Structure formats: structure tokens, C-alpha cells
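Engineer: Turn this into a model:
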Amino acid sequence: MAGGIGGVLTRPRDRIRATERVTRSLACTLGLGSAIYGFMDFPEIVQQAVQIEPWWTPAAVVAFFGSGLVISYVAVRGELSALRRVLIALLGIYLVCCLTLPLAAEFGSLDGKSAWIWRVAPIAIVAAALTWRPAGTAAYGLLAGVVSTAVNCYAVGESGFLGFAEFLVRNSCSASVFAWVVVCAMRATVLLDEASARAEKEAAVTAANAARARERSRFAALIHDGVLSTLLDASRGQESRSLSAQARRTLREINEFRSGEGDRTVFDEATATGFLRVSALQAGRTVRFTSRRTPGAAELSVPVAAAESIAAAMSESIRNSIRHAGACGGAVDREVTATVERRGLRVEIADDGVGFEPDSVPAHRMGVALSILGRMAELPGGAAAVESARGRGTKVTLTWASDDRG
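Structural biologist: Next up is the predicted model:
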């Protein structure tokens, strides 16, 4: 439930989520904090460097505190996946620094002063809390605490169990407080994001149902006021000129209804992406859905008819992937990415399945030709493309451009 960028990456949202914002903020603070600590403790680091082999201190300082600066930069500018990799690298670097200290120092070489690498253990454990769930954080915290304490006891010349236990408790208590704060913050933001996602899903379903109800009402009124009235007048032998005009008007209204030109019911960008998310999850429960917004995306209005056509083509693409992409029995990763722009939508449905040769699809297989390419071609402003090759997966791209230039 709580903790870790690993959880962040598996539940994407259509706008920057609370979990992502908090993760980036905490990671940036962690990186800057480690650099500040290194600067403040630099005199003692230099003093201890004289008492151990000259190669160890520069390598450890650059690797550990340099990683902190990289974390801050990636937290602000990079992707979450890259941030997770840098945090994991810091966890490994810390353990390597601890384990190599006995190679560079003799037993008791620090004359009773605790090693600086032992005192920065809370930084590594907080990084673990940002990377993994609480169980993983606790496991790493125990490992880092034991390793760093053992190395510190070696450096200060402490060989007794009580001394080891004292150092371990002191280090664990300070690290646990910071790690617990991070875990609680991550848990709260995950709960907030899940509640927001449920609310958005319910709003999208409600809006879609209301739009469909309005469409049914419009269609029923058109049938009653147009088609049935025209047929009734014809059966009564009404004057042919007025009857012809009425018939032409009814046909025009039917064509407008079919094309969506008479539809003024629209979704805003949040409702449209929520509607697409619901449709994707209904087509395949294991599909990952990611939404992105470009500058000006909030200005986009999507007609319900357009949203439904895109959702239908997307759902057909997902169902095709489920039916065919895992033909060899292997696990298939499927992801839908919806990009909202100021004047349109772009939806990409990608899998890493067995793929196929689009030119070799038999003519009687109409799913791609009609349900995807044909449906998007009939949508004003719509287009679709299919990219696939055997053994390289499949990507279907759906695009829709609004004709609203206002």
C-alpha cells in the first residue's frame, strides 16, 4: 500500500499525483541534505582521511555525496524510473563504502572517534524508504545498520558486544525516526491518490451515462418528430412539396446525428481522460493506463461522440492484444498512453507480445480494418495507425484533432 517509487510507477494518473510530488520533494531534500551534511562535516572527514589509506576517502566522498546531488537533479528534472535507479545506486554505494573501509583502515585507527560513514546511515535508510515498501525499507535498514555499526566498531577499536549494541541502537533510533516519517508521508499520499482516482472514475462513468441518456433522448425525439411524423403525413396524402421538404429536413437531421455534427455535448480534458481510463480497464483489467498533459491541455473540449469512438477503437485494440499478443503463452505487458494536447488527443496502445505482419492479415479479419482504422477514419479529425512486426510487439496509435480553432 505505502511507500516507494515502485508503487508510484504502477498506478499512473492523468495529472501529477500527490505521490509523485511528495516523492520528488523528499528525494530532492534528501540529496541536498546529504550534500549539506558533507559540507558541514568536511573538516572531520579530512581529519579522518589522514588516519586511513588515501584512496578511500576521496572515492567514498565523491561516490556517496555525489550521488546525493544527482538524486536532487533527477528529482527535479528526470523521470521517476530514473530517480528510482539513482536511489537504488545510492543504497549500493553506501554498503560498498562501508565494506571497503576495513580494507583502508586498521583496527582502532580512528582513536575512538566514530567514522563519518557510520553517521550518514540515516541518509541511506531514508533513500530506501523512498524506493521500497516498508518491509524492504526495514530489511535494508537492518542490513545497513549492522554493517555500518560493525565497520565503525572496527575503526574505533571497539570489540565488545555492549559497545556494538550501543552504536547499533544509537544509529537505528535516529534512522528509524526519519524513515518512519517518510513511510507515513508516502502512505498518506498513496491513499489520497487512490481516493482521487476512485472519484474521477465515478465522475467519468456518471458523465458518460448521462451523455448516453441524452443521446438516446435525442434519437427518440428525432424518430418521433421526424421519421414517424413524415411517414404519418405521407400515409394521409399530404401535399407533396411540404412532405418532400419535411423528408429532406428529417434526413439531414439523421445525418447530423450520425456524424455528430449536431452534438454539442462535450467532455473537458479531465473527464475525457477519465472516460478513456474506465474504457481501457473494462477492456483489460491488467492494462496500465498513463495520461499526460501538454501546455494548454485544459482548454480542450472533446465531443462525447468523439470520445466514444476513440474509446471503442482503443478497447478493440486492447481486446486484440489480449486475444493474439500472448499466442505463445508468455506474459505480455500492455500499456495505454493518452496524451492530451490543446487541440486534440493522442492515444497509444502498446504491447510487447508476439506481434504480426499487418500486410499479411487476411481480408476476412475485419477487427483492425473496420473496428480500429475504419472507425477512426469516419470520425471527423480522427486517424489511426498500426505498427507491428513479428517478435517485436504491436503499437496502435489513435489521434483526434479538434476543429475548434477559437
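Engineer: Spell out the residue ranges of the helices in the stretch 51-200 of the chain.
Structural biologist: 56-77, 80-104, 116-119, 121-131, 134-156, 161-222 (DSSP state H, counting those that start in this stretch).
Engineer: What mean pLDDT does the third one get?
Structural biologist: In this model, helix 116-119 has an average pLDDT of 90.
Engineer: So which elements touch it?
Structural biologist: Counting contacts by 3 or more Cβ pairs under 8 Å, 6 or more residues apart in numbering; DSSP states H and E, helix 116-119 packs against helix 42-49, helix 80-104, helix 134-156, helix 161-222. For the C-beta atoms, the positions are set from N, CA and C on the backbone; glycine is no exception.
Engineer: Only C-alpha atoms, please: export it in PDB.
Structural biologist: Extracted in PDB, the C-alpha atoms of helix 116-119 (Å, rounded to 0.1, in the frame of the first residue of the first chain):
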ATOM      1  CA  TRP A 116      31.700   9.600   9.300                       C
ATOM      2  CA  ILE A 117      30.400   6.800   7.000                       C
ATOM      3  CA  TRP A 118      28.600   5.300  10.000                       C
ATOM      4  CA  ARG A 119      26.900   8.600  10.900                       C
END
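Engineer: who's in contact with it?
Structural biologist: Helix 116-119 is touched from outside by 41, 44-45, 48, 60, 64, 94, 97-98, 101, 148-149, 151-152, 155, 167, 171, with contacts defined as Cβ atoms under 8 Å, 6 or more residues apart in numbering.
Engineer: again, only this time at 10 Å
Structural biologist: 37-38, 41-42, 44-45, 47-49, 56-57, 60-61, 64, 94, 97-98, 100-101, 110, 124, 145, 147-153, 155-156, 167, 170-171, 174 (Cβ atoms under 10 Å, 6 or more residues apart in numbering).
Engineer: Mind putting the helices and strands packed on helix 116-119 into TSV with mean pLDDT and mean neighbour count?
Structural biologist: Output for these, formatted as TSV (pLDDT from 0 to 100; neighbours: other Cβ atoms under 10 Å):
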stretch	mean pLDDT	mean neighbour count
helix 42-49	90	14
helix 80-104	93	18
helix 134-156	90	20
helix 161-222	75	15
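Engineer: okay, these in TSV with distance to residue 341 next?
Structural biologist: TSV is the format used below for those (distance: least, Cβ to Cβ, whole Å):
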stretch	distance to residue 341
helix 42-49	49
helix 80-104	22
helix 134-156	38
helix 161-222	19
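Engineer: Give me the distance between stretch 321-338 and the centre of its chain.
Structural biologist: Distance of stretch 321-338 from its chain centroid, counting by Cα atoms, centre = their mean, to the nearest Å, is 18 Å.
Engineer: Tell me where the model's unsure across the stretch 201-350 of the chain.
Structural biologist: Applying pLDDT under 70 to the stretch 201-350 of the chain picks out residues 203-204, 207-208, 210-264, 327-330.
Engineer: what about the helices in it?
Structural biologist: Applying DSSP H, counting those that start in this stretch to the stretch 201-350 of the chain gives helices spanning 229-235, 240-259, 269-283, 304-324.
Engineer: Flag every buried residue along the longest one.
Structural biologist: Which is helix 304-324. For helix 304-324, the neighbour count (16 or more other Cβ atoms under 10 Å) marks 304-318, 320-322, 324 as buried.
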